[in-house]
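K.L.:
I'd like to go over a predicted model; first the sequence, then the structure.
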Amino acid sequence: MRQRITIDHVGIAAENLEEGSRFWTLIGLMQSGHDDRVEEQGVTTRFFPLDNVSDEHTNIEILEPTSSDTPVGKFLDKRGPGIQQLCLAVDDLEAMIAHLMNHGVNMIDKQPKKGAHNSMIAFVHPKSTGGILIELKQR
């Protein structure tokens, strides 16, 4: 299976969006769009795009949990603020999920679900990626 894969964003867990955004604004990044509360994921997100590369942006995503019992809330309780996930954009999310599952990869999400800004996403379990939570996003 051959798909074009790019880094969409790096997700960084923070206690709150303002604290998590401080460094990124200090180095000159500007927020893109509005903060987005994603109830299904239990987070509010804020994106900071890096330089444009061939009509696509790689972003820094700040993740603020809506409560302590959400995945990001649990991550913060266990590890503190920091990189929570790496998101890769793919051409065909459903085909990628099927391909990975056919090769024994442990998927957290076996079907795409709604992510920030109405995108379609699926998570790959860190046990199958060398310890990194990978988010796949439909380009």
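P.N.:
Happy to help now that I have it. Numbers count the residues shown, from 1 in each chain.
K.L.:
what ranges do the strands span in this structure?
P.N.:
Using DSSP state E, the strands of the chain run over residues 6-13, 32-38, 43-53, 56-65, 82-90, 113-114, 120-124, 134-138.
K.L.:
Compare the ones you listed and give me the one nearest His103.
P.N.:
strand 120-124 (11.6 Å; C-beta to C-beta). Where C-beta positions appear, they are placed from N, C-alpha and C, glycine not excepted.
K.L.:
packing partners for that closest one?
P.N.:
Applying 3 or more C-beta pairs under 8 Å, 6 or more residues apart in numbering; DSSP states H and E, one finds that strand 120-124 contacts helix 93-102, strand 113-114, strand 134-138.
K.L.:
Figure out which of these is closest to Gly11.
P.N.:
strand 134-138 (6.9 Å).
K.L.:
give the contact list for the spatially closest residue to Gly104 that is not a sequence neighbour.
P.N.:
Among residues not flanking Gly104 along the chain, Ser128 sits closest, at 7.8 Å (C-beta to C-beta, 6 or more residues apart in numbering). Contact analysis of Ser128 by C-beta atoms under 8 Å, 6 or more residues apart in numbering lists 100, 104-107.
K.L.:
While we're on Ser128, how confident is the model there?
P.N.:
Confidence at Ser128, expressed as pLDDT, is 97.
K.L.:
Return the distance of it relative to Met101.
P.N.:
In this structure, Ser128 and Met101 are 10 Å apart, going by C-beta to C-beta, to the nearest Å.
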